[in-house]
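[1] Okay, sequence plus prediction incoming.
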Amino acid sequence: MITSSPSKIQSIDPATGEVWREYDSATPQQVQAAVAKARAAQKNWGPAPIRERAMVLRNFFDALFNRRMEMAALITRENGKPAAEALIAEVIVSLDIIKYYLRYGPLWLRPQQLPHQNLALKMRRAYVHHVPLGVVGIISPWNYPLMLPLGGTVAAILAGNAVVLKPSEFTTAVVLETEKLFHEAGLPEGVFQVATGDGSTGAALAASDIDKIVFTGSAATGKKVAAAAAEKLIPVVMELGGSDPMLVLRDVNLDHATSGVIWGRFMNCGQSCVAVKRVFVEQEIYEPFVAKVVEKVNRLRLGPGNHPETDIGPMIRERQVAILEQQLADAVAKGAKVLCGGKRRPDLGPFFFEPTVLVDVDAEMKVLQEETFGPLLPIVPVRDIDEAIAFANATPYGLSASIWTADLKHGRALSQRIEAGAVLINDAVSHVGACEAPHGGAKASGYGRTHGRDGLMEMTRTKYLDIDPITFLRKPWWFRYDANLLQQLNRFADLLFSRSLWARLRSVPESLGLLRRKTWV
Ligand code: NAD
């Protein structure tokens, strides 16, 4: 941990508002020092055999597995989410990601032989190597404080990089606990460091001497981070916000889809990038769909996340509750109707907000224009599927989307018309837990990918190696040029590309002449 600066950040229990720990924010100088230390450590870590790097990650996997319930409890304490979600969506997904990378990573990181296409290069041997970038800076949000930063961290470390991680100022303890587990696992000093702090620490990391940034957070902050990366011409992965649509077709299984939408919107108290944020239902089934959703929402249990029967915990902070209230007030002022919920629950704690179902919503309202990051579910009837698709794409975001239908073929065809990084048919949110699925967005939801093979490759630089074993033949294309060479090259183009067999055959003697050139310098 990098410590001792004047500015403080706090771990607060969102269920009670109790401040239970304070940390120093790392200063820009401390961030620079961490990056320098990471660079020095990477010099040994990068060239270490992959089996050594994998062994450390295997130890880390064991440590996290053995401590899974404690880690889940810590996540609940700092983030507020129900214990079951902390276990399944954070710890189990993280373990799965590590296991997946341990299984396939060494294979994918191996150099690959690349056969040459051009006849003139056929005798050479070529390879694509996947080399580490150096130091990767990871900046992460609070809503999945373990799973989100860990996916990138594990990929980066396995690929031979060092990592400096700036966690959200709201969820420092979870990441510091992760750092402890890495040390226990035998990760060499400096390969993984945590720079605690708020946005200014994040800005210092983005401006520091790193080789890549993996940023997960809001689009507004993402623009600042991308600008800092552009100054230094370093690559970035941008995992930004979303306003995921759910399209409900008339042939849907109503019971299944209504349970699905409730989980897809309200799990993690609605604070997921890929949560269902706008629902479009074909009008034939709109009324029974809404009635069933309301009936089911009324049965959800709000409470502290550490109670095993809590379905929905608190939101993270007062500011998030206030933004949600403004979005809801805007909709109601413009004619929307609240069918259930719609209020804070100060009797439970300072940041509790009821799961809320909203109808009579239109495109002028913030709830359809902005990302809503809390338990607020707007449901809109649509004439037909074309209107649903038009609504779905009418947002700057394009993270993911879901289509709910019994006709899988039709659903698959519709998925091609949706502008998003991922489309799920008959489920939502769970794709982020599929460690093999490349995760990332389209449009203002970002670029680059985490998880899956793509996520590992993001942590490498492609390095091409070309070996010519023939050391006595000068290349036909070397100096000096003359009219004869031009003529031979022209025939060689025929040999390579002409559609006429006769032209190709006729070009052979002159093409071979290229090998017998006499006019080299
Ligand atoms: P945020 O943008 O406020 O903060 C994200 C991180 O950036 C934090 O660590 C913060 O301290 C840091 N930061 C703030 N200012 C910075 C600056 N100027 N330079 C560098 N770093 C800075 O986002 P948040 O409120 O923590 O998270 C919620 C947002 O994240 C939502 O929009 C959500 O959709 C998005 N999100 C996206 C994904 C995804 O995979 N696409 C996943 C989770 C969350």
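    Cool, got the structure.
[2] In contact with M71, which residues?
    Contact analysis of M71 by Cβ atoms under 8 Å, 6 or more residues apart in numbering lists 64, 86, 90-91, 146, 174, 177. All C-beta spots, glycine's among them, are computed from the backbone N, C-alpha and C.
[3] tell me the mean pLDDT for stretch 374-383?
    Averaged across stretch 374-383, pLDDT comes to 98.
[4] Also stretch 223-233?
    Averaging pLDDT along stretch 223-233 yields 98.
[5] Any buried residues in it, and which?
    When burial is assessed from 16 or more other Cβ atoms under 10 Å, stretch 223-233 yields the following buried residues: 225-226, 228-229.
[6] Report the closest residue of the stretch 1-150 of the chain relative to the ligand.
    For the stretch 1-150 of the chain, the residue closest to the ligand is P141, as judged by Cβ to the nearest ligand atom, at 3.1 Å.
[7] Flag the shaky bits of the stretch 1-150 of the chain, pLDDT-wise.
    Within the stretch 1-150 of the chain, the segments meeting pLDDT under 70 span 1-6.
[8] Go again with 90.
    Where the stretch 1-150 of the chain drops to pLDDT under 90, the residues are 1-7.
[9] do you know how far G197 is from the ligand?
    G197 is 7 Å from the ligand, where distance means Cβ to the nearest ligand atom, to the nearest Å.
[10] now swap in F289 and tell me
    F289 is 26 Å from the ligand, by Cβ to the nearest ligand atom.
[11] is it true that that residue lies in a helix?
    Yes. Under DSSP: H, G, I helix; E, B strand; the rest coil, F289 sits within a helix.
[12] Settle this for me: it is touching Q283, isn't it.
    No. Taking contacts as Cβ atoms under 8 Å, F289 lies outside contact range of Q283: 10.0 Å.
[13] the more surrounded of those two?
    F289 (24 against 14; other Cβ atoms under 10 Å).
[14] and the more buried one, what does it touch?
    248, 254, 257-258, 281, 379.
[15] now those residues: which count as buried?
    248, 257-258, 281, 379.
[16] Can you list the neighbours in contact with whatever helix or strand H129 lives in?
    H129 belongs to strand 125-132 when assigned by DSSP states H and E. Contacts with strand 125-132, where a contact means Cβ under 8 Å, 6+ apart, come from 42, 46, 108-116, 159-161, 457, 459-467, 469.
[17] one more time with 6 Å, if that's ok
    With Cβ atoms under 6 Å, 6 or more residues apart in numbering as the test, strand 125-132 has contacts from 46, 109, 111-114, 159-161, 460-463, 465-467.
[18] what's the farthest-apart pair in these?
    Greatest spacing in the contacts of strand 125-132, by Cβ to Cβ: N161 and I467 (26.7 Å).
[19] neighbour count winner among these two?
    Neighbours were counted for N161 and for I467 using other Cβ under 10 Å; N161 has more, 27 against 8.
[20] quick one, domains of the chain?
    What automatic domain parsing lists as the domains of the chain is 25-240+453-463, 244-434, 473-516.
[21] how far is the second one from where the chain is centred?
    Counting by Cα atoms, centre = their mean, to the nearest Å, domain 244-434 is centred 21 Å from the centre of its parent chain.
[22] Ends of it, what's the gap?
    18 Å (Cα to Cα, to the nearest Å).
[23] do the first one as well
    End-to-end distance of domain 25-240+453-463: 37 Å, with Cα to Cα as the criterion.
[24] for stretch 83-100, same thing?
    By Cα to Cα, the extent of stretch 83-100 from end to end equals 24 Å.
[25] so, in contact with the ligand or not, it?
    No. Stretch 83-100 does not reach the ligand (Cβ under 6 Å from any ligand atom); its nearest approach is 11.6 Å.
[26] tell me which parts of the stretch 51-200 of the chain are close to the ligand?
    Neighbours of the ligand within the stretch 51-200 of the chain, by Cβ under 6 Å from any ligand atom: 139-143, 148, 166, 168-169, 198-199.
[27] ranking the residues you listed by neighbours, who comes first?
    Going by other Cβ under 10 Å, K166 tops these with 32 neighbours.
[28] Quick check: phi and psi at that one.
    Dihedral angles of K166 (phi, psi; degrees, to the nearest 10) stand at phi -110, psi 100.
[29] got the contact list for it?
    139, 195, 201-202, 205.
[30] any chance of these in TSV, plus secondary structure and distance to V338?
    Listed next are the contacts of K166 as TSV, based on DSSP: H, G, I helix; E, B strand; the rest coil; distance: Cβ to Cβ, whole Å:
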residue	secondary structure	distance to V338
I139	strand	36
A195	coil	42
T201	helix	39
G202	helix	36
L205	helix	41
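[31] Which members of those are classed as buried?
    139, 195, 201-202, 205.
[32] quick revisit: reduced to three states, what does the residue of the stretch 1-150 of the chain closest to the ligand come out as?
    Classified using three-state DSSP, P141 is coil.
[33] Check whether stretch 16-32 comes near the ligand.
    No. Stretch 16-32 is not in contact with the ligand by Cβ under 6 Å from any ligand atom; minimum separation 9.6 Å.
[34] what comes up buried for that stretch?
    Within stretch 16-32, the residues scored as buried using 16+ other Cβ under 10 Å are 16, 23-28, 30-32.
[35] Any stretches of the stretch 351-500 of the chain with poor pLDDT?
    Within the stretch 351-500 of the chain, no stretch falls below the threshold (pLDDT under 90).
[36] Enumerate the residues of it near the ligand.
    With Cβ under 6 Å from any ligand atom as the criterion, the stretch 351-500 of the chain meets the ligand at residues 371, 373, 399, 441, 446.
[37] Double-check that R412 belongs to a helix.
    Yes. Read with three-state DSSP, R412 is one of the residues of a helix.
[38] Which of the contacts of F289 sits closest to the ligand?
    I379 (20.6 Å).
[39] Report the contact partners of the closest residue to the closest one other than its chain neighbours.
    Excluding the flanking residues, the one nearest I379 by Cβ to Cβ, 6 or more residues apart in numbering is V279, at 4.6 Å. Counting by Cβ under 6 Å, 6+ apart, V279 makes contact with 246, 261, 379.
[40] Would you mind putting those residues into a markdown table with distance to C435 alongside?
    A markdown table is the format used below for the contacts of V279 (distance: Cβ to Cβ, whole Å):
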| residue | distance to C435 |
| --- | --- |
| M246 | 24 |
| V261 | 25 |
| I379 | 32 |
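[41] Pick the one among these closest to S498.
    The shortest approach to S498 among those belongs to M246, at 54.1 Å (Cβ to Cβ).
[42] Thank you, goodbye.
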